[in-house]
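Colleague: What follows is a predicted structure for the sequence shown.
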Amino acid sequence: MSLIGTLLGYALTLFILVLIVRMVLDWTAQVATGPSRTGRARELTHAWTEPVIAPVRRKLPPLRAGGIGIDLAFTLVFVAALILRSVAFSL
């Protein structure tokens, strides 16, 4: 395994973890009835992931299903990061 592949794999692993934290914080904000205490954490996760998700979202807008919207851009970025991570670790 090359050093560059390993470092890239770990960076992608960190990015995937931040995506998961973003997803959980967004879900908890949606179901929260009172004021949310996750404001700063949500800001950080959005700041780290939005530069990657936003260009994809411009090409692939959210899918409307009744009263909800399914963010396909987030899903696509998540799956792509998983695939790229496995490729990076196999280098």
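Modeller: That came through, no problem.

Colleague: how long is stretch 59-69 end to end?
Modeller: By C-alpha to C-alpha, to the nearest Å, the extent of stretch 59-69 from end to end equals 16 Å.

Colleague: what is the mean pLDDT for that stretch?
Modeller: Averaging pLDDT along stretch 59-69 yields 87.

Colleague: Low-confidence regions, the protein specifically.
Modeller: Judged by pLDDT under 70, the chain has its weakly predicted residues at 1, 34, 36.

Colleague: residue nearest the centroid of it?
Modeller: Leu19 (3.0 Å; C-alpha atoms, centre = their mean).

Colleague: That residue: what's it in contact with?
Modeller: By C-beta atoms under 8 Å, 6 or more residues apart in numbering, the residues touching Leu19 are 45, 49, 74, 77-78, 81. The way it works is simple: take the backbone N, C-alpha and C, and place the C-beta from them, glycine included.

Colleague: For it, give its distance to Gly66.
Modeller: Distance, Leu19 to Gly66, using C-beta to C-beta, to the nearest Å: 25 Å.

Colleague: again, but for Thr38
Modeller: For Thr38 relative to Gly66 (C-beta to C-beta), the value is 26 Å.

Colleague: Which residue of those two possesses the greater neighbour count?
Modeller: Legend: neighbour count by other C-beta atoms under 10 Å for Thr38 and Gly66, higher for Thr38 (15 against 5).

Colleague: State the helix or strand in which the residue nearest to the more buried one when sequence neighbours are not counted lies.
Modeller: The spatial neighbour of Thr38 that comes closest, neighbours along the chain excluded (C-beta to C-beta, 6 or more residues apart in numbering), is Leu25 at 4.9 Å. Secondary structure from DSSP states H and E places Leu25 in helix 3-31.
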